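[1] Please find the sequence and the predicted model below.
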Amino acid sequence: MSDKTMSADEAVSRLESGMTVGIGGWGSRRKPMALVRALLRSPVTDLTVVSYGGPDVGMLAAAGRIRRLVAAFVTLDSIPLEPHYRAARERGAFALTEVDEAMFLWGLRAAAHRLPFLPVRAGLGSDVMRVNPELRTVTSPYEDAETFVAMPALRLDAALVHVNRADRRGNGQYLGPDPYFDDLFCEAADTAYVSCERIVDTAELTKEAPPQSLLIKRHTVTGVVEAPGGAHFTSCAPDYGRDEAFQKRYATTPWAEFAARFLAGDEQAYRAAAAGEAT
């Protein structure tokens with residue numbers, strides 16, 4: 001079995017401008033922020049980003065790295081609308097494909113199963129169809145003859161996700177109350193990079209939680225990054241909650257000022273600056 005460990009910068013060095021990148025987590029929960037910060041340190045740009053969006057989208061949008069966003073929402077949870085995303089969207093900085101949450105899920109499932117689309121009821125009778133005129137419907141070939149939205153597969157060049165634990169081979173484990181859809185992001189992608197709070201031996205993975213918590217399978221993973229606190233300032237239950245004070249600072253600070261203060265250096269510099277903010 002191969003050792004897939006690498007640094008966040010090494011993982012991002014494998015990405016290229018123009019790629020379609022899926023980012024796991026949900027809103028301001030268990031986002032792979034160490035990988036996002038590494039992406040911001042890189043020259044990679046012109047991305048199509050696929051995400052249940054949070055500060056990952058806000059930061060990349062504010063930095064001008066996004067060409068198109070595919071999302072069901074972009075929120076900080078305790079702050080309903082991500083402010084840096086909103087500002088970038090209002091100035092027309094990128095194209096947006098906005099779909100229903102269930103449509104988004106079915107797009108990931110279709111990609112994970114290498115299907116061109118999957119039928120879904122979500123979206124019918126809503127403005128989703130109006131604002132996405134490229135979407136098509138299909139009719140059931142059976143007796144019911146029901147009409148569905150044909151949600152196209154959300155195929156990804158690369159996926160970035162964060163979990164609580166992983167081994168060196170790429171098996172990833174969540175310990176919190178919600179797996180979100182990180183496994184589907186990895187399965188929908190040609191390459192997947194998993195950051196984690198701690199790398200452990202494979203045998204240790206089932207000592208803290210049952211086998212069902214092994215959300216991500218090694219055959220879907222390209223690289224593993226040990227990144228303690230790697231979801232900060234989003235939550236990574238049960239290891240830590242969301243840093244609400246820091247999130248408020250992020251949300252209320254002009255982007256250029258925030259980036260200069262917290263994102264100008266490497267990950268160690270970010271942690272030191274964030275720790276200084278807390279004190």
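    Looks like it arrived, so ask away. Numbers count the residues shown, from 1 in each chain.

[2] make it CA atoms for all contacts and neighbour counts henceforth
    Noted.

[3] all helices of this protein, in order?
    Ranges of helices in the chain, per DSSP state H, are 8-12, 33-41, 55-62, 83-90, 101-112, 127-131, 182-187, 205-208, 244-252, 255-262, 267-278.

[4] what's in contact with the third one?
    The one in question is helix 55-62. 23, 27-28, 31-33, 36, 40, 49, 51, 66, 74-76, 82-88, 93-94, 255 (C-alpha atoms under 8 Å, 6 or more residues apart in numbering).

[5] before we move on, what about the fourth one?
    With contacts defined as C-alpha under 8 Å, 6+ apart, helix 83-90 is touched by V57, G58, M59, A61, A62, V74, F94, A251, W255.

[6] For V149, state which of the residues you listed is nearest.
    Distance ranking of the contacts of helix 83-90 against V149, using C-alpha to C-alpha, places V74 first at 22.8 Å.

[7] Report the contact partners of that closest one.
    Shown in contact with V74 (C-alpha under 8 Å, 6+ apart): G27, Y52, G53, G54, P55, V57, G58, L81, E82, Y85.

[8] mind checking how far the fifth one is from R155?
    According to C-alpha to C-alpha, to the nearest Å, P55 and R155 sit 22 Å apart.

[9] where does the residue of the chain positioned farthest from its centre land on pLDDT?
    The centre of the chain is farthest from one residue, E143, which by C-alpha atoms, centre = their mean lies 39.4 Å away. pLDDT, E143: 98.

[10] Could you report the distance from A38 to I79?
    For A38, the distance to I79 - C-alpha to C-alpha - is 25 Å.

[11] between these two, which one's more packed in?
    A count of neighbours by other C-alpha atoms under 10 Å puts A38 above the other of A38 and I79, at 20 against 13.

[12] Pretty sure the more buried one sits against S7.
    No: applying C-alpha atoms under 8 Å as the test, A38 and S7 come out as separate, 9.5 Å apart.

[13] where's the nearest residue to D190 once chain neighbours are set aside relative to E187, distance?
    Among residues not flanking D190 along the chain, D157 sits closest, at 5.1 Å (C-alpha to C-alpha, 6 or more residues apart in numbering). Distance of D157 to E187, computed by C-alpha to C-alpha: 11 Å.

[14] partners of S235 in the sheet?
    When bridges are called by DSSP bridges, S235 pairs up with R29.

[15] right, and it touches Q247 too?
    No: here S235 does not reach Q247: they are 10.7 Å apart, not a contact under C-alpha under 8 Å.

[16] more neighbours, the two?
    More neighbours surround S235 than the other of S235 and Q247, with 23 against 19 (other C-alpha under 10 Å).

[17] still on that earlier bit, of the contacts of helix 55-62, keep whichever come out buried.
    23, 27-28, 31-33, 36, 40, 49, 51, 66, 74-76, 82-86, 88, 93-94, 255 (16 or more other C-alpha atoms under 10 Å).

[18] My guess is N164 contacts E197. True?
    Yes: the pair N164 and E197 qualifies as a contact (C-alpha under 8 Å) at a distance of 5.1 Å.

[19] the more surrounded of those two?
    Ranked by neighbour count (other C-alpha under 10 Å), N164 and E197 place N164 first, with 25 against 19.
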